[in-house]
Each structure stands twice: as structure tokens, then as C-alpha cells.
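Participant: all I have is the shape, not the residue letters:
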């Protein structure tokens, strides 16, 4: 997997995933890597969601966290 560089000036940018190990080769500057459970009850300006292997409840929680931008990673 090639190295991917993500840099955001927005505050509160997260990538929500159940597979943190899948993103070990990505340089996430300014992006927090959290689980669906950890995101519950919080809102973020920009949200990336890797919905692989998420239950419908985890997807709902993850997909409703974005205030400004929501990106869904399909793989």
C-alpha cells in the first residue's frame, strides 16, 4: 500500500474505523483515528468513515458525527 499523506487545517478531523491497523502506513497529520464507540456523542467538522465490518448501528453512529464534511471510504 502506498504512503498517503493527509493534512487538514480544520480542527476536529477524525477517521472512524474498526481497522486501525489498516491505516498504519498513512501519515495522518491533524486527523484523529478513533473507533465508532469512541465517536459516540461527539461531533466533528470533517469525518472520514471506513465502514468495513461495521454493524448498522456503528455505521449510523459514525455517519452522523460530521458537522461540515463527511467522506465514506469504500473498500
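Facilitator: Thanks, I have it. Bear in mind that the values here come from a model prediction, so they are computed numbers and not experimental data.
Participant: show me the helices in the chain, by range?
Facilitator: With helices called from DSSP state H, the chain shows them at 36-39, 56-63.
Participant: looking at those, which one has the lowest mean pLDDT?
Facilitator: Lowest mean pLDDT of the helices of the chain: helix 36-39, a mean of 92.
Participant: tell me the buried residues in that one?
Facilitator: Across helix 36-39, burial judged by 16 or more other C-beta atoms under 10 Å covers 36, 39. Heads up, the C-betas are built off the backbone N, CA and C, glycines and all.
Participant: ok, and what's touching it?
Facilitator: By C-beta atoms under 8 Å, 6 or more residues apart in numbering, the surrounding residues in contact with helix 36-39 are 14, 16, 18, 54, 58, 59, 61, 62, 65.
Participant: could I get the contacting residues of the residue nearest in space to the middle of the chain?
Facilitator: The residue lying closest to the centre of the chain (C-alpha atoms, centre = their mean) is residue 15, at 1.7 Å. Applying C-beta under 8 Å, 6+ apart to residue 15 gives the contacts 23, 28, 31, 32, 33, 34, 47, 48, 49, 50.
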